[in-house]
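In: predicted structure and sequence below. I'll ask about it afterward.
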Amino acid sequence: MVKLSEKEKAAHKAAFEAMSPAQKAEHIFTYHKWTILLILLTILVLGSIIHRQLTQKKPVLYLAVINAAFGEDVEKGLTEDFLVKAGFDTRRQEVYLYRDLYLSENADALNHEYAYASKVKLSGAISAEKLDLVLMNRDAYDIFSRQGYLMELPSHSDALSPYVTENEVILSDNSVDYLLGNAAQEQIVTKTVPNALIVSSLPLFRDAGFDGDLYLGVISNSPRQEEAEAYFQYIFGFE
């Protein structure tokens with residue numbers, strides 16, 4: 001880049017000042033358009049980041065609905081109504097809902113990829129501690145229970161005990177070694193634990209058109225135990 005002398009700088013300045021407003025605008029854009037575009041892009045990116053930070057809601061709980069679908073009224077009851085009842089700020093906080101998930105150990109060819117994608121998504125959410133509660137049908141409940149994903153429920157009051165249900169949890173499984181010929185016999189050790197609540201008969205779900213029982217469980221590594229307990233209180237209508 002050639003460095004201008006003071007005399008040349010003064011001449012350029014005088015020529016610029018003699019231009020009309022339209023000529024000045026054209027001159028600036030012609031010689032500085034890339035700088036202007038870069039500045040505008042930077043402003044746009046920063047504005048987008050700031051807007052996202054100001055409007056992004058913080059999840060109070062992460063809830064997955066598996067092998068089930070509900071209308072808008074039930075979904076509102078699962079999310080916004082809980083926040084209002086529990087005293088959370090619906091403008092800043094949310095119940096993050098994982099929708100349209102499907103799990104099955106006997107998925108046919110049509111649904112196999114869908115089931116695999118859902119399994120990967122759920123496993124990732126659990127590993128990242130971004131899943132607290134699961135609302136599921138019996139098939140999904142069996143899968144989650146056997147894999148040890150569900151927290152064993154502590155003793156509950158008489159009002160809640162009729163809803164508690166038990167399922168098998170696999171403690172050890174050498175089936176892979178057995179299939180590979182590394183074990184003389186297959187041994188799968190299980191135990192039965194209370195790890196979900198049957199919620200199908202509750203007012204929120206009673207007329208939702210769901211076929212079969214509906215189960216609510218807590219993910220064992222959830223870091224939001226107090227919020228999950230508050231959610232249980234809300235779902236069952238306890239004060």
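Out: Received, thanks.
In: need phi/psi at P59.
Out: Phi and psi for P59, reported as degrees, to the nearest 10, are phi -70, psi 130.
In: would you check that it makes contact with R92?
Out: No: here P59 does not reach R92: they are 10.8 Å apart, not a contact under CB atoms under 8 Å. All C-beta atoms are positioned from the backbone trio N, CA, C, and that covers glycine.
In: list the contacts of T79.
Out: The contact partners of T79, by CB atoms under 8 Å, 6 or more residues apart in numbering, come to 63, 94-95, 97.
In: of these, closest to M136?
Out: Using CB to CB, L63 is the member of the contacts of T79 that lies nearest M136, at 10.8 Å.
In: quick check: bridge partners of that closest one?
Out: Using DSSP bridges, the bridge partners assigned to L63 are L97, L133.
In: what sits against it?
Out: Neighbour list for L63: 78-79, 95-98, 132-135, 231 [criterion: CB under 8 Å, 6+ apart].
In: let's go with 7 Å and repeat that
Out: With contact set as CB atoms under 7 Å, 6 or more residues apart in numbering, L63 has these partners: 78, 95, 97-98, 132-133, 135.
In: how many neighbours does L216 have?
Out: Counted with other CB atoms under 10 Å, the neighbours of L216 add up to 23.
In: what bridges to it?
Out: Beta-bridge partners of L216, counted by DSSP bridges, are L135, L197.
In: measure it to H32 for me?
Out: Using CB to CB, to the nearest Å, one gets 61 Å for the distance from L216 to H32.
In: also L131?
Out: Counting by CB to CB, the separation of L131 from H32 is 51 Å.
In: more neighbours: the two, which one.
Out: L131 (24 against 12).
In: surely that one and I219 touch.
Out: Yes: with contacts defined as CB atoms under 7 Å, L131 counts as touching I219 at a distance of 5.1 Å.
In: any chance you could map the strands in this structure?
Out: 58-66, 93-101, 133-136, 164-173, 188-198, 215-218 (DSSP state E).
In: want to throw these into JSON lines with distance to G87?
Out: Putting the strands of the chain into JSON lines (distance: least, CB to CB, whole Å) gives the following:
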{"stretch": "strand 58-66", "distance to G87": "11"}
{"stretch": "strand 93-101", "distance to G87": "10"}
{"stretch": "strand 133-136", "distance to G87": "19"}
{"stretch": "strand 164-173", "distance to G87": "27"}
{"stretch": "strand 188-198", "distance to G87": "23"}
{"stretch": "strand 215-218", "distance to G87": "21"}
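In: now render those strands as JSON lines, adding distance to L41 and mean pLDDT.
Out: What follows is the strands of the chain, written out as JSON lines (distance: least, CB to CB, whole Å; pLDDT from 0 to 100):
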{"stretch": "strand 58-66", "distance to L41": "29", "mean pLDDT": "95"}
{"stretch": "strand 93-101", "distance to L41": "31", "mean pLDDT": "93"}
{"stretch": "strand 133-136", "distance to L41": "42", "mean pLDDT": "96"}
{"stretch": "strand 164-173", "distance to L41": "54", "mean pLDDT": "87"}
{"stretch": "strand 188-198", "distance to L41": "51", "mean pLDDT": "89"}
{"stretch": "strand 215-218", "distance to L41": "46", "mean pLDDT": "96"}
